[in-house]
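Novice: okay, structure incoming, though there's no sequence with it:
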């Protein structure tokens, strides 16, 4: 349970004892969070669905999905047999329509004959709704039957709405052409061809299947006519509008979901739209409903199902009420009552229906409203929106569309539409827009609310909002929406959710499972539930990812509560997270943790740099024996407390610590999986880690006083990440032959390390300093698993890279940084996909074979220079150009220049592409440029089909290259990739690869002989 500590130390064993009680009150009240599992309180979160609408009047973004709706001249066209209804029913209907403001085509000026008049054909095509009044003599007129053919044609081609009135005839007689209606029809067909008869017969069958008003079911005609007028008004109000025009990213969502719906299939399908709260599921569903409703006989949108679980209703009563609501909306009959739970199937099994069930959060809702596909007629579709994927699995819904977070460019555009009423930032707001969109976690809801609050504000006001967003959620309307839900989580899942929010966001899932090893099966199930309910994601790297807004709201909620009393004392506390920012001096009592025997997770950190880092920990302090996580930023002591029990420890994270050594002797470390001592500048030695048999990650980056890596590291067999980068005094590293396959090893910046250790030949990534190039072992050519090689300049003296690089046939990326005297690159393997040579000012020569590959293959590259190669035949000064092409694949090259020295790592920039003035698509140019001081050429590749799915034969494509931080884009160029150029490239690559392999084979034999002789 989270709670805030009392303000006086005597009242409870607090972590700190300050000289100023006033300072203590300010600090402790807001910055200490504690979890206690037995009485855990969950931050209940649910974000309403939202996607962004365009207020700037831009063109519709769904235009490429369905053509723009025609301009309707008439609201209603009525097809009828005059002698049956003109002076009775039709005259009353015309009067009611006039009263309701509904325009109807008036055919009284047209002479009716044997063939349908052109004026009538035109009127049908220009009407939004056609009403077919089927009377006993309707089929006696070939004119009426030809009208019906044209009406059904418009229904299919333009989405015209068709309504029916059965005036004195039974619908089944119309469908089957039987009884008196059939006799009249047969008489009409007698003088026509068999082809004509079949067309008319099929048209009558189709129109007889359209649900409509049956005159015999009404007590009086006036009520029926009033009902028809109301239905027409509702359908006119529901026609596709501009409500969803300009919504960022909507076009792609609708295209993908329409593909899943497979609308041309006559079977019944259920499709789900999933994603986290606030991502826009409901808005996408409403746009889809608006787009598709005219293709179905009946439609219904049941919203806010999450709020339907009424107190006081048993399961039967709940299902009963839900079914009544669904049928009332679908059949447009207010206060409809049913007598049993089989009515949906009885009423809809022969109807083509489109039903949306929005925000489903309980399996009973699906069982009540869409229990089986047999309930609905052929061609029907049911669309469910939910955060809970588990419900879909239980109900057998396998066709699922997951709504992803918007791209970086889309997130900025959403923010700008609300902040500036346009799709891009005003001058001077580029970086602020990017940073704020990132702080909002790219969630549409947050972008909308924050963007609206920034409208008309100045730069300094934007900066204030950005600073607040970095630590707190400062918008009450977001918080109110985010805190709505998750009542269905059980206590164990609530506990796991809070632990992730406070301690384990962005942590490896396997590491988190190890933290809860005493109930491992529960943690696996809990993670699955949280994923299924869209509360967390598991990334492709296996990391747990909780959205930033969920995390911020959680910490804000718990800081408002005083849970200590409910926790029944500190003995039940399982985790403490303590922010020591803004504290002048902190004293930790030796007995601070004695009354916390169940404490397993301890995190002490600084959320901001304030210069205050005085913290006192007595040597005799006793950490809890069950501690599994010790995460202490800038730990102040030179050694960990004596008697510290390490047996249960899973992760030791002591970044920027003052430690000189960790402990004496060999300790039991049976559960230790991760150790991070990065930037511990005083650390002089590592302990014997022989017992850390489960250790997977060892982070020593920037430990400048460290001279030697303990030999026990070489015997550990589960290490897959060993980072010794920037250990400037490191001289001795043991042989590392026992690393796991595909391990990552970092030794860049180790300027004193001149003896290259013997390393496993299966490592995946290696980063080294230029001082180690000459010491590279001859066995480098056997490193079959090496994918990534990084070379950092330390002395900047190397002028060339060894030729053995070309022997690494699996190498995918080569990074070279700050090698200012490097004049050329050697022959490189054809497997390369990315080459970055940054701040290598003397680099002039790139071998011809590589130069060809660079331009011909889909390679990411960055090299010093400012001349765009001739192969990029579409060029422009500045950051944008337009190309007309029917190709979908393009390579581009841009010249970038730093506006000022880049202090932040990885300045971001991307290419925004707009096809035929449609929705823009963003392509990240992921170069990770760190410290460029001069102009560089950046190369990249894109396939528009990945984003658009299809392209016209001839397209106008605008490429706009956008620098998001400290870069100027001086010039840009685009090369169109054709099938012929791709074919030539593949031939050249195959030949180059064969030549390289033959050469390598010969050299390998020669080297082997030399080594044997030696």
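Specialist: Everything's here; your move. Remember, predicted model here, so these are calculated numbers, not experimental data. Numbers count the residues shown, from 1 in each chain.
Novice: residue 721: neighbour count?
Specialist: Neighbours of residue 721 under the rule other CB atoms under 10 Å: 16. Any C-beta I mention is one placed from the backbone N, CA and C, and that applies to glycine too.
Novice: with residue 460 instead?
Specialist: Residue 460 has 7 neighbouring residues, counting by other CB under 10 Å.
Novice: now residue 870
Specialist: Neighbour tally, residue 870, other CB under 10 Å: 10.
Novice: for it, what are its contacts?
Specialist: With CB atoms under 8 Å, 6 or more residues apart in numbering as the criterion, no residue contacts residue 870.
Novice: from residue 941, how far off is it?
Specialist: Computed as CB to CB, to the nearest Å, the residue 870 to residue 941 distance reads 18 Å.
Novice: could you do residue 384 as well?
Specialist: In terms of CB to CB, residue 384 sits 38 Å off from residue 941.
Novice: mind giving me the packing neighbours of the stretch of helix or strand residue 434 belongs to?
Specialist: Assessed by DSSP states H and E, residue 434 sits inside helix 430-439. Applying 3 or more CB pairs under 8 Å, 6 or more residues apart in numbering; DSSP states H and E, we find helix 430-439 packed against helix 408-419, helix 444-454, helix 459-469.
Novice: 7 Å instead, please
Specialist: The contact analysis (3 or more CB pairs under 7 Å, 6 or more residues apart in numbering; DSSP states H and E) places helix 430-439 against helix 408-419, helix 459-469.
Novice: sec struct for the closest residue to residue 127 other than its chain neighbours, please.
Specialist: Spatially, and ignoring its direct neighbours in sequence, residue 127 is nearest to residue 77 (3.7 Å; CB to CB, 6 or more residues apart in numbering). When classified by DSSP: H, G, I helix; E, B strand; the rest coil, residue 77 comes out as strand.
Novice: quick revisit: who's more crowded, residue 384 and residue 941?
Specialist: Counted by other CB under 10 Å, residue 384 and residue 941 do not tie: residue 384 has more neighbours, with 27 against 16.
Novice: who are the packing partners of whichever strand or helix holds that one?
Specialist: Using DSSP H and E, residue 384 sits in strand 381-386. With contacts defined as 3+ CB pairs under 7 Å, 6+ apart, the packing partners of strand 381-386 are strand 269-274, helix 281-292, strand 353-357.
Novice: in the protein, what helix or strand scores lowest on average pLDDT?
Specialist: Of the helices and strands making up the chain, the lowest-confidence element is helix 21-31, at a mean of 30, by mean pLDDT, DSSP states H and E.
Novice: circling back: hey, least reliable of the helices and strands packed on helix 430-439 by pLDDT?
Specialist: Ranked by mean pLDDT, these bottom out at helix 459-469, which scores a mean of 82.
Novice: which stretches of the stretch 1-150 of the chain have low pLDDT?
Specialist: Low-confidence segments of the stretch 1-150 of the chain (pLDDT under 70): 1-71, 101, 108-117.
Novice: 90 - rerun?
Specialist: Low-confidence segments of the stretch 1-150 of the chain, defined by pLDDT under 90: 1-75, 81-91, 94-128, 141-143.
Novice: count of neighbours near residue 393?
Specialist: Residue 393 has 12 neighbouring residues, counting by other CB under 10 Å.
Novice: measure it to residue 509 for me?
Specialist: Between residue 393 and residue 509 the computed distance is 20 Å (CB to CB).
Novice: mind listing the strands for the stretch 851-1000 of the chain?
Specialist: Remark: strands assigned in the stretch 851-1000 of the chain by DSSP state E, counting those that start in this stretch are 860-864, 874-877, 880-885, 889-898, 909-915, 920-924, 936-943, 955-963, 967-977.
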